[in-house]
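Undergrad: Quick check, what structure comes out for this input:
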Amino acid sequence: MTPFGIKLKYIRVQRHKSLKDLSRALKVSIAYVSMLENGKRGKPADGLIELICSYFNLSWEEADELKFLAKHSDINTKMNSEKLSLNATMLTNVLKNNIKWLTEEQLKNLIINIQDMSKQNQEK
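TA: A predicted model of the protein is given here:
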């Protein structure tokens, strides 16, 4: 599952829409929508996300949340560290080699801490 897929399914079910309804509106296959919801496909194209927001008539806040979740739902994440610092390269490799050993709580804490540090640096 991906954060985007979970949210998409929640919205669809909450609005009483079937996979068939959504797939018709988006002009994609039922299988593709199902794969998005179940995490078999990663981040959809920005245009498709906009169509989903429009179809469900999402508020600005809901649309922003869905876009944020889509951005963080890439199932094939790759990172080229060639132009990163030594420590950044080290971090990418430590995560790659150890992420499977972290608990869900530890992962949540890492996400929060990294996002907080990123916001602080952007504000400078």
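Undergrad: alpha carbons only for contacts and neighbour counts from here, please
TA: Will do.
Undergrad: From one end of stretch 22-40 to the other, what's the distance?
TA: 17 Å (CA to CA, to the nearest Å).
Undergrad: What residues sit buried inside that stretch?
TA: Neighbour counts over stretch 22-40 (16 or more other CA atoms under 10 Å) mark 22-23, 26, 30, 33-34, 36-39 as buried.
Undergrad: Could you do stretch 43-56 as well?
TA: 43, 49, 52-53.
Undergrad: now, which of the residues you listed lie within helices?
TA: 49, 52-53 (DSSP state H).
Undergrad: out of the residues you listed, who's nearest residue 120?
TA: Within those, the smallest distance to residue 120 is 28.3 Å, found for residue 49 (CA to CA).
Undergrad: Report how many residues lie close to the closest residue to that closest one other than its chain neighbours.
TA: Sequence neighbours aside, residue 67 is the residue nearest to residue 49 in space, at 6.9 Å (criterion: CA to CA, 6 or more residues apart in numbering). By other CA atoms under 10 Å, the residues close to residue 67 number 19.
Undergrad: how much space between residue 67 and residue 27?
TA: 19 Å.
Undergrad: Please state the offset of stretch 69-81 from the chain centre?
TA: Mean-position distance between stretch 69-81 and its chain equals 8 Å (CA atoms, centre = their mean, to the nearest Å).
Undergrad: Start and end of that stretch, how far apart?
TA: 24 Å.
Undergrad: Check what contacts it and list those residues.
TA: Residues outside stretch 69-81 that contact it (CA atoms under 8 Å, 6 or more residues apart in numbering) are 2-4, 39-44, 88-89, 92.
Undergrad: out of those residues, which are inside helices?
TA: Using DSSP H, the contacts of stretch 69-81 in helices are 3-4, 88-89, 92.
Undergrad: tell me the domain boundaries of this structure?
TA: Structural domains annotated on the chain: 3-71, 86-123, as defined by automatic domain parsing.
Undergrad: Turn those into a markdown table, including distance to residue 79 and mean pLDDT.
TA: A markdown table is the format used below for those (distance: least, CA to CA, whole Å; pLDDT from 0 to 100):
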| stretch | distance to residue 79 | mean pLDDT |
| --- | --- | --- |
| domain 3-71 | 15 | 95 |
| domain 86-123 | 8 | 92 |
